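Chemist: what's the 3D shape of this:
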Amino acid sequence: EWVAAGGGALNYVDIEDGASSAEFTGLTTYDTYFIRFEGMVGDASGHDRLVMSDDNGSSYESSGYAWSGVNYPSNGSLSNPYNRSTHSIDLSSSYSASQYRAGWIYLHRKGKSATGAVVNFQSWGLEDATGYETGRASGGRLDTGTIVNAIKFYRSSGNYSAGKIYVYGISNS
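Modeler: I've put the predicted structure just below:
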């Protein structure tokens, strides 16, 4: 169930725990959205991923994403993951089902000539002894040729067993 609430320059949408994915459509009021997520737990080891749509969620772009960033795993070996011309933006490396993640994303809907989108994000999770990533600071983009108006979060494997995602529109005034 989606619940919309708001007032002023910030609005939020909340999802129930246990969703297999989280879609946010109708992102047309603001040029920039701030998204925070907390307590995201998967029911299997996998990556948290983000895809975007320019047709309000009727379909999601399956190519043309590029992203890069810095990972901090619990074993202390920093890495610089990246991918170009890929099917999604990875918000995390794979983490086990017993772990959780929290973080934030800025979604800038209008790129050059009012097309595409840019995201900046950071996510952190509970450390474990196996070397799973505990943190990621990254950014990415998608050039759709039109303005992005929907996003979807999902797991590369399995579903979410818990978590909340909030979307806030940022007013220019």
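Chemist: all strands in this protein, in order from the N-terminus.
Modeler: 3-7, 10-14, 21-24, 32-42, 48-53, 65-73, 82-86, 89-90, 101-108, 117-125, 133-142, 150-155, 160-170 (DSSP state E).
Chemist: I'd like to know which of these lies nearest to S59.
Modeler: strand 48-53 (6.4 Å; Cβ to Cβ). C-beta: built from backbone N, CA, C; applies to glycine.
Chemist: Who are the packing partners of the closest one?
Modeler: If you count contacts as 3 or more Cβ pairs under 8 Å, 6 or more residues apart in numbering; DSSP states H and E, strand 48-53 packs onto strand 89-90, strand 117-125, strand 150-155.
Chemist: Work out the gap between it and the centre of the chain.
Modeler: Here strand 48-53 is found 6 Å from its chain centre; the criterion is Cα atoms, centre = their mean, to the nearest Å.
Chemist: List the buried residues of it.
Modeler: 48-53 (16 or more other Cβ atoms under 10 Å).
Chemist: T29: neighbour count?
Modeler: 11 (other Cβ atoms under 10 Å).
Chemist: Quickly note the distance from it to I105.
Modeler: T29 sits 17 Å away from I105, going by Cβ to Cβ, to the nearest Å.
Chemist: ok so, going back, ranking the strands of the chain by mean pLDDT, which is last?
Modeler: Lowest mean pLDDT within these: strand 3-7, at a mean of 43.
Chemist: The closest residue in space to R155 that isn't next to it in sequence: neighbouring residues, count only.
Modeler: In space, and not counting its chain neighbours, R155 is closest to G46: 4.4 Å by Cβ to Cβ, 6 or more residues apart in numbering. With neighbours defined by other Cβ under 10 Å, the count for G46 comes to 20.
Chemist: My guess is G46 contacts L91. True?
Modeler: No: the criterion here is Cβ atoms under 8 Å, and G46 misses it with L91 at 11.2 Å.
Chemist: Dead centre of the chain: give me the residue that sits there.
Modeler: The residue lying closest to the centre of the chain (Cα atoms, centre = their mean) is L50, at 4.5 Å.
Chemist: show me what contacts that one?
Modeler: 88-89, 91, 105, 119, 151-153 (Cβ atoms under 8 Å, 6 or more residues apart in numbering).
Chemist: Run through the bridge partners of it.
Modeler: I89, F153 (DSSP bridges).
Chemist: if I look at it, how far off is Y60?
Modeler: 10 Å.
Chemist: what residues are shared contacts of those two?
Modeler: Shared contacts of L50 and Y60, counting by Cβ under 8 Å, 6+ apart, come down to K152.
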